[in-house]
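> Got a predicted model here, sequence first, then my questions.
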Amino acid sequence: MSNEAAEKNSVLMEKIVSLCKRRGFIFQSAEIYGGLNGCWDYGPLGAELKRNLKEYWWRKNVQEREDILGLDGSILNHQDVLKASGHVGGFSDPMCDCLLSNARLRADQIDPQTGTVYWFTGASHAESEWSVEKEYGVLTTGNEDENKARKTAKQFYAKFLSDKQISPKKLELAGERSEEVAETTQFNPENGSLLTEAREFNLMFKTHMGASADDDDESSVAYLRPETAQSIFVQFKNVVDSNRIKLPFGIAQIGKSFRNEINPRNFTFRSREFEQMEIEYFCRPEDGLALTDEWLERRLTFYEEIGIPREHLHVLDIPDGERAHYSQKTYDIEYEFPFGIQELEGVAYRGNYDLTKHKEHSKKSIEYVDQEAGEKLLPHVVEPSAGCDRTILAMICEAYEEETITGDKGKEETRIVMRFDPKMAPIKVAVLPLLKNKPELVEKAREIQALLTPFMNVSYDETAAIGRRYRRQDEVGTPFCVTIDFDTIGESGDELKDTVTLRERDSMKQERMAISDLREFLLDRVR
RNA sequence: GCGGGUGUAGCUCAGUGGUAGAGCGCGACCUUGCCAAGGUCGAUGUCGUGAGUUCGAAUCUCAUCACCCGCUCCA
């Protein structure tokens, strides 16, 4: 992305964030207390939008399928579940920082080095009577000599100088000694500088069960789940036993998950609390790869159905070596966000890794029993795991449009319109009496509101000029507006009596429609 | 975590030490008429938070929180 394009997209993203707040889609969590890093609240319209997405996903993936069942697992997870899954221990990365360049490295990815370390205890500058005492070391390898180490050390100590005019070369090093080391990972391979001690970043939220549990009582430890998937694996046997279901079949779940992200970024994209929509689709080992491809296609179709076109999605076939070791195939479905192409969903073929781990750790028999074939097996699984909040954000970014329109008087103006798919739109129809100081119009409008409310989310607005009200609805993506005028109440004769103006969001076209036809017409388009 | 930037009304922003501002939006009323700019009236601020300097701080200093950008990270 060029700088110019990045700047443009950054401005676009700011406008989207601003609209989300202004119209009540998304607010910063605890804003009046200064905000809570990485957490967001959905306002009235955001809550509607999210419900629409989740309900549609559930309908398509659970209710309309005989082979997929739903689950709603607890958010608090038993520590043994996450030990078995590898999240405890494995879900943290030891990191260290370079003392010289501040670069951050993963401690487990540093190649061990052998060479001579030159240690120093501090440095001073005689002319300005400045000095610092701090242990520091530089590793030299191969044919590098001690002068290189001294130069590096001076650069390090110069970081503590208050007078930046003093050249690092003018510093006097103190307490030099050398040491031979082998296979060390304490030094930055790039520049030989000493690193900080490796620090653990545990990415899970840990808590203690029981109101009187002690903080250092290890047995009371529980975790907020880092993914919804584990309860599906853990309850696999119960689901099988309580339902007459045969392979292949899936278990689906929508719910909150929590990760202590080091660096939350990009509005709601990387949040510490987020919602997932996951399916674990269990199958025979020989069907896994083909089903992975099938699920990828099905998921791409889903995004199209909710208004995210295929051409704004990218499929990343994760190459060997970058996938989790147990995965034979993984696709990432990515969307072109203004801040870059980023992952919405992963479709991963996980083999039977998870069930195997839970069988081992629980020491319970959780195999699937195939009565007909007379065999027991741990099925393989394909996991389409979608980010709900990320999908919402993609829908918002995709819907946002600034349209330049030329008005009657030839002047150009900008119309901000959210082109949500009508199925997803938070408000389906706005009911607008042309004037609010005419009781007959208001009364008729209230009747139409009452007529439609049981079937869809309706908004009633009688303030301001009619054009302004249309634009307000455009900004929140309401696909239809119904306007009640004097013809509706029979002022122009019986032919137009009980008809209204129906205005469509995207085209801004208007048509006259009988009130009695409204419900069916709208339901056909907003479900 | 590092570096840079930002934080003032609902939104966008002006305000470089001396009375807190503008535009838009919002609310009420008027308006027989359909794509935001007709009229009248009105409400709104711990100037992100906390400390310090000062007779006096939105403004200067320090700390802190949040957001944005670039690194880094993302099982």
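It's in.

> Quick one: name the residues of the stretch 101-250 of chain A near RNA strand B.
Applying C-beta under 7 Å from any atom of the strand, we find that the stretch 101-250 of chain A lies next to RNA strand B at A:102-106, A:203, A:226-227. Just so you know, the C-beta spots here come from the backbone N, C-alpha and C atoms, and that holds for glycine as well.

> Apply 6 Å and report the result again.
With the criterion set to C-beta under 6 Å from any atom of the strand, the stretch 101-250 of chain A comes near RNA strand B through A:102, A:104, A:106, A:226-227.

> residue ranges of the helices in chain A, please?
Counting by DSSP state H, chain A has helices at residues A:3-22, A:44-58, A:79-85, A:87-90, A:146-158, A:229-234, A:236-242, A:288-305, A:353-362, A:388-399, A:439-452, A:466-476, A:515-526.

> For those, could you give me CSV that also reports distance to A:Asn188?
Below are the helices of chain A laid out as CSV (distance: least, C-beta to C-beta, whole Å):
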stretch, distance to A:Asn188
helix A:3-22, 30
helix A:44-58, 44
helix A:79-85, 33
helix A:87-90, 25
helix A:146-158, 10
helix A:229-234, 37
helix A:236-242, 45
helix A:288-305, 40
helix A:353-362, 35
helix A:388-399, 35
helix A:439-452, 66
helix A:466-476, 51
helix A:515-526, 58
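
> hmm, which of the residues of the stretch 101-250 of chain A next to RNA strand B are the buried ones?
Buried residues within those, counting neighbours by 16 or more other C-beta atoms under 10 Å: A:226-227.

> Tell me, how many residues neighbour the closest residue to RNA strand B within chain A?
Distances between chain A and RNA strand B by C-beta to the nearest atom of the strand are smallest at A:Gly467, namely 2.6 Å. Counted by other C-beta atoms under 10 Å, the residues lying close to A:Gly467 total 9.

> ok so, going back, lowest mean pLDDT across the helices of chain A, which one is that?
Within the helices of chain A, the least confident segment by mean pLDDT turns out to be helix A:87-90, at a mean of 76.

> what is the nearest residue to A:Phe480 once chain neighbours are set aside paired to in the beta sheet?
Counting by C-beta to C-beta, 6 or more residues apart in numbering, A:Phe480 lies nearest to A:Val429, which is 4.5 Å off, once chain neighbours are set aside. Each beta-bridge partner of A:Val429 is listed here: A:Val458, A:Phe480, as defined by DSSP bridges.

> so how far is A:Leu522 from A:Val429?
Distance of A:Val429 to A:Leu522, computed by C-beta to C-beta, to the nearest Å: 6 Å.

> Can you work out which residues contact both of the two?
Between them, A:Val429 and A:Leu522 have A:452, A:456, A:480 as joint contacts when contacts are counted by C-beta atoms under 8 Å, 6 or more residues apart in numbering.

> pretty sure the first one is touching A:Ile427, no?
No: under the contact definition of C-beta atoms under 8 Å, A:Leu452 does not touch A:Ile427, with a separation of 11.2 Å.

> so what sits against both of the two?
If you check A:Leu452 and A:Ile427 against C-beta under 8 Å, 6+ apart, the residues they both contact are A:Val458.

> Flag every residue of the stretch 351-500 of chain A that's near RNA strand B.
Taking C-beta under 6 Å from any atom of the strand as the criterion, the neighbours of RNA strand B within the stretch 351-500 of chain A are A:407, A:411, A:413, A:415-416, A:434-437, A:463-468, A:470-472, A:475, A:483, A:485-487, A:491.

> list the contacts for the residue nearest to A:His361 when sequence neighbours are not counted?
Nearest non-adjacent residue to A:His361, counting by C-beta to C-beta, 6+ apart: A:Ala84, 3.6 Å away. Under the criterion of C-beta under 8 Å, 6+ apart, the contact list for A:Ala84 reads A:357-358, A:360-362.

> repeat that for 7 Å
A:357-358, A:361 (C-beta atoms under 7 Å, 6 or more residues apart in numbering).

> same deal with A:Arg390?
Contact partners of A:Arg390, counting by C-beta under 7 Å, 6+ apart, are A:269, A:344.

> low pLDDT regions in chain A?
When the per-residue scores of chain A are filtered using pLDDT under 70, the ranges that remain are A:1-6, A:90-94, A:104, A:160-165, A:199-201, A:407-411.

> how about stretch A:34-43, does it get close to RNA strand B?
Yes: using C-beta under 6 Å from any atom of the strand, a contact is recorded between stretch A:34-43 and RNA strand B, made by A:34-35, A:37-38.

> Buried ones only from those, please, as a PyMOL command.
In PyMOL syntax, the buried subset of the residues of stretch A:34-43 next to RNA strand B is picked out as below (16+ other C-beta under 10 Å):
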select buried, chain A and resi 38
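
> A:Val221: which of the residues of stretch A:34-43 next to RNA strand B is nearest?
Distances from those to A:Val221 were compared by C-beta to C-beta; the smallest belongs to A:Gly38, at 22.5 Å.

> Now the closest one. Nearest residue, chain neighbours left out?
The spatial neighbour of A:Gly38 that comes closest, neighbours along the chain excluded (C-beta to C-beta, 6+ apart), is A:Pro264 at 3.2 Å.

> same deal with A:Lys359?
In space, and not counting its chain neighbours, A:Lys359 is closest to A:Ile366: 5.3 Å by C-beta to C-beta, 6+ apart.

> Next: A:Phe187.
The shortest distance from A:Phe187 to any residue other than its chain neighbours is 3.9 Å, reached at A:Leu139 (C-beta to C-beta, 6+ apart).
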